[in-house]
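Q: The following comprises the amino acid sequence and a computationally predicted model.
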Amino acid sequence: MFPKIVKAMIKGALWFVFLYVLPTLILSSLLSFLPEGAHGILYGYEQLLMVFAVITVFFVVASELTSGTIFQHMFNIGKTLILMVFIVLALEGGIISIDFQNINIVADLTVILILLLAIDLVGLAKSVLQAVNFLSEKAESQLPTPSPKE
Amino acid sequence: MKQAIRALGWAIYVLWLVIIVFTVTAVYSAFQVSVNFGEQRPPSVSGSDMIFSLPFSVENNGFYDISDLSITTVVQESNGALISNSSTGPILISSGNRVDATHDISISLENMTSAGLSRLLFYDTDLNVDMSLALKYAGVIPLKISTNFTMPWGAPLNNLTFGNIVVIPYNSTHVRTMLPISFENNSIFSLNGTVRTEIVNTLNQQVGDATTQITAPPQSGYSTTLAVLVPVSSSLKEARLYFDTSVFTYGPVVIPIA
């Protein structure tokens, strides 16, 4: 049985690789398809990926360190709420505008934004239910066990 | 409650799967779309409209349809006055299909005779062109790409100049007024038509008029002398010129007579 801190660090490292390292490698490979002037645009999205990965890794580590307590579920709820705000800010409300040399590109990603927010809302509901379930199980465990009458 | 938690967990996985699959296939499909612009044809003149044609083709080898594809070009003078607003579309390009089309930018020369745009007949300038392409990708992602650039405009009556009016005796009742004019046709079309000259006296009465043929090829200078017979006793005030060509009509251009 690994100590909680080792387990938390391994989980955090894996999530960091999955959320930042791999997407960054994919973005770097996309650079070859884009003209040089567009590299600056992708650099902005790399920074967003970094922020997203840091937020997620922080809450994953915190949740793992507080596993078995009510704080684990509070961290999960906090993670979901912060990620919802982050997604709205990162996608600029669903309307993304990119300026490249003399060209302006505007993409309406409202549908994607709604899907991502729906996932977060479902995740929020799940975390709340998990917290309620944890509290109810804890309350049930503190009830005196009835002993059979002779 | 544990079943509900489990069900929500599965719902999250399914939604993430949908988003990831859609994003990956959408990005892949976007790279399978090729847009080619054909050789730009020289501008043509149809009636009083000057038309710039831009042929293009779009081949969609991706998984998703490209719908509501439209190209809009707005041409404005440097001060913001609207000269032309041309649009092509909407066009549907289904997955696996190719579409060939032509975007025509039409500039009405007749509109340039209006007060707001008449200076384009006499002065070279740069026109502002705003071109935008709008489409809906996979039916759910509206996309708009726009750019702007300047286009040089050559005036058909650039540097319109009048020489000194010379009065030559004609007969006992009339004299002939000779008005030299010159201009540079810096446009891309030929200027073929007539110039009607009216001579007005100090009582604002027309005392003589004449029509002269003009033929000015594109990118060339032109000069001629307008001759009008007027009564001997006339006290001349001004000459009024009316241009009537194959592409526009304009007038009067008023020239005071000293």
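A: Alright, I've got the coordinates.

Q: use CA for all of it now, contacts and neighbours both
A: Fine.

Q: contacting residues for the residue most central in space within chain B?
A: The residue lying closest to the centre of chain B (C-alpha atoms, centre = their mean) is B:I107, at 2.7 Å. Neighbour list for B:I107: B:D49, B:M50, B:I51, B:I83, B:S84 [criterion: C-alpha atoms under 8 Å, 6 or more residues apart in numbering or on different chains].

Q: Now intersect the residues you listed with the strands, please.
A: Mapping these onto strands (DSSP state E) picks out B:D49, B:M50, B:I51, B:I83, B:S84.

Q: Looks like B:S44 contacts B:I105 (just checking).
A: No - counting by C-alpha atoms under 8 Å, B:I105 is not a contact partner of B:S44; they are 10.5 Å apart.

Q: So the two - more neighbours on which side?
A: B:I105 (22 against 14; other C-alpha atoms under 10 Å in any protein chain shown).

Q: That one sits in which helix or strand?
A: Using DSSP states H and E, B:I105 falls within strand B:98-108.

Q: mind listing what's buried in that strand?
A: Across strand B:98-108, burial judged by 16 or more other C-alpha atoms under 10 Å in any protein chain shown covers B:R98, B:T102, B:H103, B:D104, B:I105, B:S106, B:I107, B:S108.

Q: So B:I199 lies in a strand, does it not?
A: Yes - counting by DSSP: H, G, I helix; E, B strand; the rest coil, B:I199 is part of a strand.

Q: Next, count neighbours for it.
A: 26.

Q: which residues does it contact?
A: B:Q206, B:V207, B:G208, B:D209, B:V228, B:V230, B:L236, B:K237, B:E238, B:A239, B:R240.

Q: For the first one, list each beta-bridge partner.
A: For B:Q206, the residues forming beta bridges with it (DSSP bridges) are B:V200.

Q: what about it, how many neighbours?
A: Using other C-alpha under 10 Å, B:Q206 has 17 neighbouring residues.

Q: can you check the last one too?
A: For B:R240, the neighbour count with other C-alpha under 10 Å is 18.

Q: Quick one, grab the pLDDT at it.
A: pLDDT recorded at B:R240 is 91.

Q: After the helix or strand where it lies, which helix or strand is next?
A: Counting by DSSP H and E, the element that carries B:R240 is strand B:236-245. For strand B:236-245, the following helix or strand on the C-terminal side (DSSP H and E) is strand B:249-256.

Q: roughly how far out does that following strand sit from the chain middle?
A: Centre-to-centre, strand B:249-256 and its host chain are 23 Å apart (C-alpha atoms, centre = their mean, to the nearest Å).

Q: Please export the C-alpha coordinates of it as CSV.
A: Extracted C-alpha coordinates of strand B:249-256, given in CSV (Å, rounded to 0.1, in the frame of the first residue of the first chain):
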residue,chain,number,x,y,z
THR,B,249,-23.3,59.6,-68.5
TYR,B,250,-22.2,62.6,-66.6
GLY,B,251,-22.8,66.3,-66.6
PRO,B,252,-22.8,69.2,-66.5
VAL,B,253,-19.1,70.1,-66.1
VAL,B,254,-19.3,73.9,-66.0
ILE,B,255,-16.5,76.1,-67.4
PRO,B,256,-16.7,79.8,-66.8
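
Q: Within its sheet, name the partner strands of it and how each one runs.
A: Strand B:249-256 has its sheet partners listed here by DSSP bridges as strand B:236-245 (antiparallel).

Q: Give me every residue in the stretch 51-200 of chain B lying close to chain A.
A: Proximity of the stretch 51-200 of chain B to chain A, by C-alpha under 8 Å from any C-alpha of the partner chain, involves residues B:V140, B:I141, B:P142, B:L143, B:K144, B:I145, B:S146, B:T147, B:N148.

Q: Could I get those in TSV, plus columns for pLDDT and neighbour count?
A: TSV is the format used below for these (pLDDT from 0 to 100; neighbours: other C-alpha atoms under 10 Å in any protein chain shown):
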residue	pLDDT	neighbour count
B:V140	91	13
B:I141	92	16
B:P142	94	20
B:L143	92	19
B:K144	94	18
B:I145	91	18
B:S146	93	18
B:T147	92	17
B:N148	90	16
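
Q: Columns secondary structure and distance to A:A8 on top of those residues, output as a markdown table?
A: Putting these into a markdown table (DSSP: H, G, I helix; E, B strand; the rest coil; distance: C-alpha to C-alpha, whole Å) gives the following:
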| residue | secondary structure | distance to A:A8 |
| --- | --- | --- |
| B:V140 | coil | 39 |
| B:I141 | strand | 39 |
| B:P142 | strand | 42 |
| B:L143 | strand | 42 |
| B:K144 | strand | 45 |
| B:I145 | strand | 45 |
| B:S146 | strand | 48 |
| B:T147 | strand | 50 |
| B:N148 | strand | 53 |
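
Q: how about those residues in CSV, adding distance to B:A30?
A: As requested, these are exported to CSV (distance: C-alpha to C-alpha, whole Å):
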residue, distance to B:A30
B:V140, 14
B:I141, 12
B:P142, 13
B:L143, 12
B:K144, 14
B:I145, 14
B:S146, 18
B:T147, 20
B:N148, 24
